[in-house]
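Participant: Predicted model and sequence follow; I will ask about them next.
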Amino acid sequence: MTVRIAPSVLSADFGRLADDIARCEAGGADWIHVDVMDGRFVPNLTFGAKVIETLRRLTTLPLDVHLMVVEPERYFETFAGAGASVLTIHQEVAPHLHRQLHRIRELGCRAGAAINPSTPVESLRDVAGDLDLLLVMSVNPGFGGQKFIEGSLGKIARARQLLTAVGSGAVLEVDGGVSRDTIRQCWRAGADTFVAGNAVFTAPDTAAEISELRSRCSEMA
Ligand code: DX5
Ligand code: ZN
C-alpha cells in the first residue's frame, strides 16, 4: 500500500511560505494539505483561492484542499481553477453529497468526503463508490496541534472495510494529531495518507521527520 505524507500548511510560517513548501517538497512530501476554514463550520478562519493559487505556483505536488466550510459548492469552481488537485468536503454540511462529489470530478479534481469524530462511517455508505478520497478526522476540525482522538482508530478500520466492501480504490486519509506516536496505529488500521501539520513544521529537520513518519508505516512490529 502506498504511504502518502501530506504536510498541512496551516502550521507553516506564512512569512516564509515559499521556503517551508520547498523544504516539504525537497523532504519527500507527497501532497500539500490546505485547510480552508470559514469561521462558520469551524471557529477558525484561514484562506481562500488566492493562497491556493500561490501554493500552485510554489510546488508541483498535488494540492489536497480540505474544505471546512458551509455551502462548500460555492467554492468548487474558483478552487479548481486556482489549482486544487483534491477537493474534500464535509459530510456534515453536504446534504447533496452525491451531486457535489460528481461536480468536483466534472471540474477535474479528485473528490473527497470528510467525517468529524462524531459522524459515523456508515453515513458515507451510499456514496462510498463515488469517492476518490475518504477523510477520517482524528480531531475536531478547526485548529492544528490538537491531541489525536484514540477512537479514530476503530473508525479508520471501519472506513477501510467499507471501501473494500464496495471495491473502491479511494485514498483513506487521516487528519489531526498525526505524529511519530500515532501514525503507525493509523496505518495498521488501514489509512494510507497522513496529514501532519505540527509534526512536520515544528521538527528541526523537515526531511528527516517526513521520512521518519513514513518509515513508521512500514516497520514490522
Ligand atoms: C484541523 C486540520 C488539520 C490540521 C492538522 O482542523 O484539518 O489538517 O492542520 O494539524 P496537526 O497535524 O497539527 O494536528
Ligand atoms: Zn485538514
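Facilitator: That came through fine. Keep in mind it's a predicted model, so treat the numbers as computed, not measured. Numbers count the residues shown, from 1 in each chain. Ligands and ions are numbered 1, 2, ... in the order given.

Participant: what sits against residue 177?
Facilitator: Shown in contact with residue 177 (Cβ atoms under 8 Å, 6 or more residues apart in numbering): 138-139, 146-149. Heads up, the C-betas are built off the backbone N, CA and C, glycines and all.

Participant: quick one: secondary structure of the residue lying closest to it once chain neighbours are set aside?
Facilitator: Closest residue to residue 177 apart from its sequence neighbours, by Cβ to Cβ, 6 or more residues apart in numbering: residue 148 at 3.0 Å. Per DSSP: H, G, I helix; E, B strand; the rest coil, the secondary structure class of residue 148 is coil.

Participant: quick one, what contacts residue 148?
Facilitator: 138-139, 176-179, 181-182.

Participant: ok, 6 Å please
Facilitator: When the contact criterion is Cβ atoms under 6 Å, 6 or more residues apart in numbering, the partners of residue 148 are 138, 177, 182.

Participant: Specify the beta-bridge partners of the residue in the chain positioned nearest to ligand 2.
Facilitator: Minimum separation of the chain from ligand 2 (Cβ to the ion) falls at residue 66, amounting to 3.7 Å. Beta bridges link residue 66 to residue 35, residue 88, judged by DSSP bridges.

Participant: okay, now it: neighbour count?
Facilitator: Residue 66 has 27 neighbouring residues, counting by other Cβ atoms under 10 Å.

Participant: And for the one 3 residues further on?
Facilitator: Residue 69 has 21 neighbouring residues, counting by other Cβ under 10 Å.

Participant: so how far is ligand 1 from residue 113?
Facilitator: 14 Å (Cβ to the nearest ligand atom, to the nearest Å).

Participant: Now that residue: which helix or strand?
Facilitator: According to DSSP states H and E, residue 113 maps onto strand 110-115.

Participant: can you give me the helices for the protein?
Facilitator: 17-26, 49-58, 76-82, 97-106, 152-165, 183-189, 198-201, 206-215 (DSSP state H).
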